[in-house]
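Novice: sharing a model prediction with you, sequence too.
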There are 6 protein chains.
Amino acid sequence: MNEPRPQPVDAALVPRFAGHATFMRLPAVDSAAGLDIALVGIPWDGGTTNRAGARHGPREVRNQSSLMRRANHHTGIAPYDLVSVADAGDLTVQPIDLMTGLAQIEDGIAAICAQGALPLCVGGDHLTTLPVLRAIRKAQGAPLGLIHFDAHSDTNDRYFGDNRYTHGTPFRRAIEEGILDPMRIVQIGIRGSVYDVDEHGWAKAQGVRIVYIEEFVERGPAAVMAEARAVVGDGPAYVTFDIDSLDPSMAPGTGTPEIGGFTTREAQAMVRMLSGVNIVGADVVEVSPPFDVGGMTALAGATILFELLCVMADGLARKRQEGQQA
Amino acid sequence: MNEPRPQPVDAALVPRFAGHATFMRLPAVDSAAGLDIALVGIPWDGGTTNRAGARHGPREVRNQSSLMRRANHHTGIAPYDLVSVADAGDLTVQPIDLMTGLAQIEDGIAAICAQGALPLCVGGDHLTTLPVLRAIRKAQGAPLGLIHFDAHSDTNDRYFGDNRYTHGTPFRRAIEEGILDPMRIVQIGIRGSVYDVDEHGWAKAQGVRIVYIEEFVERGPAAVMAEARAVVGDGPAYVTFDIDSLDPSMAPGTGTPEIGGFTTREAQAMVRMLSGVNIVGADVVEVSPPFDVGGMTALAGATILFELLCVMADGLARKRQEGQQA
Amino acid sequence: MNEPRPQPVDAALVPRFAGHATFMRLPAVDSAAGLDIALVGIPWDGGTTNRAGARHGPREVRNQSSLMRRANHHTGIAPYDLVSVADAGDLTVQPIDLMTGLAQIEDGIAAICAQGALPLCVGGDHLTTLPVLRAIRKAQGAPLGLIHFDAHSDTNDRYFGDNRYTHGTPFRRAIEEGILDPMRIVQIGIRGSVYDVDEHGWAKAQGVRIVYIEEFVERGPAAVMAEARAVVGDGPAYVTFDIDSLDPSMAPGTGTPEIGGFTTREAQAMVRMLSGVNIVGADVVEVSPPFDVGGMTALAGATILFELLCVMADGLARKRQEGQQA
Amino acid sequence: MNEPRPQPVDAALVPRFAGHATFMRLPAVDSAAGLDIALVGIPWDGGTTNRAGARHGPREVRNQSSLMRRANHHTGIAPYDLVSVADAGDLTVQPIDLMTGLAQIEDGIAAICAQGALPLCVGGDHLTTLPVLRAIRKAQGAPLGLIHFDAHSDTNDRYFGDNRYTHGTPFRRAIEEGILDPMRIVQIGIRGSVYDVDEHGWAKAQGVRIVYIEEFVERGPAAVMAEARAVVGDGPAYVTFDIDSLDPSMAPGTGTPEIGGFTTREAQAMVRMLSGVNIVGADVVEVSPPFDVGGMTALAGATILFELLCVMADGLARKRQEGQQA
Amino acid sequence: MNEPRPQPVDAALVPRFAGHATFMRLPAVDSAAGLDIALVGIPWDGGTTNRAGARHGPREVRNQSSLMRRANHHTGIAPYDLVSVADAGDLTVQPIDLMTGLAQIEDGIAAICAQGALPLCVGGDHLTTLPVLRAIRKAQGAPLGLIHFDAHSDTNDRYFGDNRYTHGTPFRRAIEEGILDPMRIVQIGIRGSVYDVDEHGWAKAQGVRIVYIEEFVERGPAAVMAEARAVVGDGPAYVTFDIDSLDPSMAPGTGTPEIGGFTTREAQAMVRMLSGVNIVGADVVEVSPPFDVGGMTALAGATILFELLCVMADGLARKRQEGQQA
Amino acid sequence: MNEPRPQPVDAALVPRFAGHATFMRLPAVDSAAGLDIALVGIPWDGGTTNRAGARHGPREVRNQSSLMRRANHHTGIAPYDLVSVADAGDLTVQPIDLMTGLAQIEDGIAAICAQGALPLCVGGDHLTTLPVLRAIRKAQGAPLGLIHFDAHSDTNDRYFGDNRYTHGTPFRRAIEEGILDPMRIVQIGIRGSVYDVDEHGWAKAQGVRIVYIEEFVERGPAAVMAEARAVVGDGPAYVTFDIDSLDPSMAPGTGTPEIGGFTTREAQAMVRMLSGVNIVGADVVEVSPPFDVGGMTALAGATILFELLCVMADGLARKRQEGQQA
């Protein structure tokens, strides 16, 4: 690569409260051309069945991401030294018509994929993940694995009569559409009361591995993530982080909070353990600023985003190195 | 009427913070049968183009309406002595599909009209008013007049390409559909920057009378309302009160605040001056609790709702009396 | 007076956020001995029928009063140059037993009166005013006049069965007990829905002059206050300022907000027009910090307190001057 | 049972933000007749020695309980399939006179017991538990055991001189009155600074088992709950959950927060381990909405309430089954 | 001008919550070259004597300015049709060393002036205005007039001993330095308690015209602004709008609130009456997001900024037209 | 000691919401004379590089410290029985000039040291610790050890060009100035992204022991604190507790939050394990009330302050006893 990689504004020169709020204080770019990873916002919550507000997520995650610095103190990964990454802006998605919205998201992500960049998205509600997966599935040409951090399985069938597209159904649709390989899906942190004791029966029958929070607490992050890596294997995989997987004390600003969730410590540890997974895209969803307190949820979202960026950048760098060595 | 009219819980016996939060602490009823006026919630904001949250309006207006007492200190109207009014619950409206939502609202209001009650609605965003008007128009069998308190004219044509149904378009649709007689529409309090200097040209061309806030400030409530009553005349008229007509200092909890709005004093005075108008339905819309501070907006909404109830109850009682005298 | 009068900490030397938060940054004193005016907190809300929290009023009014400076820019009154005034602390009042609480307040104020200081109190709910009046009535040896700024008349008889002492009844009790001369009472700003159209009948029958907010708006502060001064005449008078007389946009932090209230401009103007009234005590009540937003209500309370202090100090200085001239 | 058991509104049909906010979206009933378990609010905080507000607890717990679904994902208990449970409304308790308040609560609970339902209460401050215990003790005809989750022992003797009834004294009174068998009391999570190093001496001398938070952290939920079950044995037992037993990061909305408390995970685990205890009543107390942030505390309270409901419903169903088998 | 003028993102195509938050949703530019008016943030509050936070002002004003549309509904001015204006970013100002900060601001504004653009600034605290004035004074080559909306005169001499540069002193310094012509200064809205009855004596002695809020209320916006225009005359003038000139109910998010301030209606009216003034620069300062509630203050700031932009754009267009006609 | 030791106001007599808010409700004293430990506020945040507000820390920590009682339930330490401790007020530090501010702090602490009291300080940002250390170093006559709880190492060199004094640099300066012995420094809880992977290289090269949060999580409080005690040894040591060492869910009100921090449980445990360390001063810093939610951070700060007080008081008492025995 000849031209220098995009770099965040230096907080030791320009105070963090200054300047336009872009993701990680990176340059804002008009297209993903030349990028390895495109940070992209999807300000849309048309699939939300209860408390809306995730449409405001990208802006506030950008705002809080001003607190991020250049390198990961624990893993030593400095993503901007390894890959080209920038703030590719928000997808243009109108908030009124659901089916149009899904198409707009898919188109937007497809364009990023077409430019050779991996999308690292900030929702938006969890239904945004469905069109993102559709676009990546097409770009990859093969079904994807999924590592899914969430309080909810999101594999329900219908809501409010015959609505098949809500933030409670994306992964059922994705399995039905052949986007995800259900045998390569692991859901971690699932909890909260359910509509039906057998609510997750369909997903389990497809082969989805559900790690409820109680099992997670008993086994710990390392064991669970070892299994998760085994479940998704070497094939292309997507990572989706629903902020409501975190405990509401750490992420109150979300539409469907459930007590008893992950601590941020646990979440950071798990994301770091994604090292080695063949990540072809990822997202942080369901940050809902109108329900946030003190920006706490957006800060957690921004930090998880940074952790995802580190592990993705490191993965790309290793692949490139392997490619050069081969 | 033989059976006693529904009465609110007595705050001198049961503290206001106790009991289920119904509108005005009135009984919750399953149907509008036997009611003169039905207080009904429409928890839906599918037409919102920017900050959602009005779906939560009915619940918080109910909550704050516990502060309302039995009679109007200024006009002396004691509505529960004059008419039968109760909390008819919320309409069931799913939040996902817009066109289905509009149909559900229209059906719900049609049922209330069929039972002979006048609907006094709490939104929801301003698009909810369109299906409410559709139902009342059918029940009345004639086009309606409109007294419209708002910061915005809501007579735009389309948003985000070809979306004809948003909270910025209901009154254009209602005029086009023959529901409203544009010559009998008055909009009061309009202000805020506009997309186009000629943004209100279409409405004005139809005959809509727009009283911008600056004209209102200059002429005062009494003169403006005298004109408003003249505009709507004796025919059936609907009153719609968008909470963003109030100044954001008094109603911060709304999706599209505009500084320089009505004081609550002015708003109360104007609603009281509706006396004599043939009101066949009314609403308070766009209270958005996730953006509220200290319940201020929901309190203002609840109080305006009470003022509307007083003037409607008084109108009905006068009509009944005239009927008896005739 | 030989020793220098107490002075507030100088904000041009010590930042306003520094130091213990006393009223007006004045010295904290253990007794009212030597003071002309004693600023005293009454952290008690045992008479509250709905939303409690006024018990926290004195602390937050102290906190916000750090923003007050030395002199009144409009009237030119510099109270600390004219009289001795200090922070006499909070009365010790237990929150559990109502009748004991009333006695503790009366004793505390009686002690201040016995030392020759005028009490300028910060509540606490409005029932605190009753024992304050009892103590001053005894000290003065004559019934008092009352200038009462409020949204509510507070002359109800009973609540919740047979409870005669609540924040909705103090002035009825005070009239019954011969503490207040009802012919010398004026209530200004009364509004809000009522339990009964004739709710204020008893008060009016005693001779209390009630200026509803609508009359106030029509006549303006100057005319209303001219009448108020005439009503109370030259005799000893108490001034009570319920913060809920202000509009909720300016004072959301109170237990019983009513829209359509005074602006702070109007309130300041009226308090300044108390000049010439023979004030023997005053209070600011019903500031309820748990319901406040951004300290706005406590700031308004602190500023009204400062305005009351100015007019009281000026009155005392004039009396002293007249005494010296005589 | 012939008629169908009451069921919550189905969130897959009616959005959670719609409709009146009852506990768990269950039907509101006027009496406990026919119920196995009565969810009942006790909106009263007359015993609060510091920050009041728990009077507003039932309303906000109801509000947040709209997020609860039908079944427990972990234990598989679906309470509405097992027992009849509904929202029996709030007890009528006036906020002014303490002793009258205690009597009103006792009467209200006695009526529920008389109808054969077990009360599952939502406070209110912790003094509400005393009259609840009085009524259940009479109904049971024998002293009760107690499993008590709290930051505070609440076994002090007097406050502010001679006040024997505050939220710091209920369990001392209950022991003295022979309501509770002190040898069958276990208090878990006790922490926070104390007035006196020997503050809990009286309770310990009676035989109360106090598990301080430090011991809990060391031994873990399973060991502590095994002991707790052993302490209360097979006899009738009451479970009281003070929300301040939770860490303030998870339950900031309470009057007397103490850092270092339970996580919600730990709390849920412990409540589930109550299985097998002969629970004759339970409560969640001290949720104080005016001090809450983002509804976090009310959500935790609603979820713990659901967990208690599950374990109680399961217990009743097992008893019934055993009865049928016998 | 050949290339099209910069235009804001169209809210009828892209929702307002989407995209990077720039001022008015205008393009972000790296330099002021080619601009007629440069919107520029000055995130610095090093001169603040009490509550800091104005350093965060530009970012939140940008955020709320997404609510602004293209044209002024009242004056009909559509600024982006008249002049070239864009978001020129934030000045780089370090927050640690005061004198360095002042120099950085002056340099940044000087660069903008050198490119022929008029600076329209968003603070930052009021001391930021001093270096802005220094740069404009140099660029203009003549002393400036000043129209100053504020609660405070900001003409004190020193703070905390010998600190000559604080947000309470900028206009004294500017007069002393010959930047401002004191005979062409008018200050409007001044109020609040003062350190000294003669606090404004120095300013008045220089010829500064101070319109206290009480005079403003008596005379009204039109009369006051007529005088203001006369005071500044035809020469180059700067307009500074301290957000604390607004009432705290409308602008709580500021460091030194004073009750009794302008309504936003009054403020808008006055800014519109600046038409005809030869404005060579302007600012909105002292928006302090950490003290704001619900974004209310930043919204007011953004709207006043838009009003200033309209009047400045209109002025430039008229000048250009006059130039072409001449 | 003949006169009785200062005691906090008794909350069983005077409610906690009553009275002036001093640290721990202890008497306010004008000088540290006669004290063993002086609680002192340092309301200054001139070294803050991002979000200011710690200047307001002392006032809110005082406010929340009203919740503290007399004794430590776990360790049994009752500090007011062991040593003389009082609220020595706030240091007078002007907020405008950084170097003057540092000098003022050093002078203020030097005065306390000169009177023989140990300073227990409440900041203020972390740069306040530098002048505190300077004063103590002089008083002790020897370099100090440091036990440092923080998310950040604060050993950077310069910010914003050549600013050597910010809250990111104090411990580098203290090492360079010979105040701290780097071999006797331990930093615990360090985390968060870094500007440079080698950011802590300088500190490590001096011998500073950095325990990152990940190591802490793995080893646990007991092992880490055993090492910490070994690192500082028997010599005089200072303890500094940056509130941002806590997780943002427990301490959101701080300028530079980093997710994944200490729980309050862990922090309390570690502070208690300081027993035996020769503590010659301590502080709690970076509590920033404008960013706090619900007073949570100030409460955590007040409780940690109490824990520090307990361990310091116990240490002094033991020394005295040893001295008497010797």
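Specialist: Thanks, I have the structure now. Numbers count the residues shown, from 1 in each chain, chains lettered A, B, ... in the order given.

Novice: identify the residues contacting residue A:30.
Specialist: When contacts are counted by CB atoms under 8 Å, 6 or more residues apart in numbering or on different chains, residue A:30 is found next to residue A:89. C-beta here means a position set from N, CA and C on the backbone, and glycine is covered the same way.

Novice: so who does the residue lying closest to residue A:268 once chain neighbours are set aside touch?
Specialist: Distances taken as CB to CB, 6 or more residues apart in numbering or on different chains put residue F:260 closest to residue A:268, at 5.3 Å, once the chain neighbours are dropped. Residues in contact with residue F:260, defined by CB under 8 Å, 6+ apart, are A:263, A:264, A:265, A:268, F:191, F:213, F:247.

Novice: the nearest residue to residue A:163 once chain neighbours are set aside: how many residues sit nearby?
Specialist: Excluding the flanking residues, the one nearest residue A:163 by CB to CB, 6+ apart is residue B:96, at 4.3 Å. For residue B:96, the count of nearby residues is 23 (other CB atoms under 10 Å in any protein chain shown).

Novice: I'd say residue B:96 and residue A:160 touch.
Specialist: Yes. Using CB atoms under 8 Å, residue B:96 is in contact with residue A:160, at 6.0 Å.

Novice: enumerate the residues of the stretch 51-200 of chain A near chain F.
Specialist: By the rule CB under 8 Å from any CB of the partner chain, the part of the stretch 51-200 of chain A lying against chain F is A:67, A:68, A:69, A:70, A:71, A:72, A:73, A:74, A:76, A:78.

Novice: now the residues you listed: which count as buried?
Specialist: A:67, A:68, A:69, A:70, A:71, A:72, A:73, A:74, A:78 (16 or more other CB atoms under 10 Å in any protein chain shown).

Novice: quick one: contacts for the residue lying closest to residue A:168 once chain neighbours are set aside?
Specialist: Once flanking residues are discounted, residue A:168 sits nearest to residue A:156: 4.5 Å by CB to CB, 6+ apart. Residues in contact with residue A:156 (CB under 8 Å, 6+ apart) are A:166, A:168, A:169, A:172, A:195, A:199, D:12.

Novice: repeat that for residue A:110.
Specialist: Taking CB under 8 Å, 6+ apart, we find residue A:110 in contact with A:135, A:138, A:139.

Novice: and with 7 Å instead?
Specialist: Shown in contact with residue A:110 (CB atoms under 7 Å, 6 or more residues apart in numbering or on different chains): A:135, A:138.

Novice: of all the contacts of residue F:260, which comes closest to chain E?
Specialist: Set against chain E, the nearest of these by CB to the nearest CB is residue F:247 (20.9 Å).

Novice: okay, now that closest one: neighbour count?
Specialist: Residue F:247 has 28 neighbours, counted by other CB under 10 Å.

Novice: that one contacts residue F:258, doesn't it?
Specialist: No. Residue F:247 is beyond contact range of residue F:258, at 8.6 Å (criterion: CB atoms under 7 Å).

Novice: got the phi/psi numbers for the residue of the stretch 51-200 of chain A found nearest chain E?
Specialist: Proximity to chain E, evaluated over the stretch 51-200 of chain A using CB to the nearest CB, is greatest for residue A:90 at 4.5 Å. Main-chain dihedrals, residue A:90, degrees, to the nearest 10: phi -100, psi 140.

Novice: and the gap between it and chain F?
Specialist: From residue A:90 over to chain F the distance is 24 Å, taken as CB to the nearest CB, to the nearest Å.

Novice: and the host helix or strand of residue A:324, what other elements does it pack with?
Specialist: Residue A:324 belongs to helix A:296-325 when assigned by DSSP states H and E. Other helices and strands packing on helix A:296-325, by 3 or more CB pairs under 7 Å, 6 or more residues apart in numbering or on different chains; DSSP states H and E, are strand A:37-42, helix A:57-64, helix A:79-82, strand A:118-123, helix A:264-272, strand A:279-285.

Novice: got a list of contacts for the shortest one?
Specialist: Helix A:79-82 is contacted by residues A:5, A:6, A:7, A:8, A:70, A:85, A:309, A:310, A:313, A:314, A:316, A:317 when judged by CB under 7 Å, 6+ apart.
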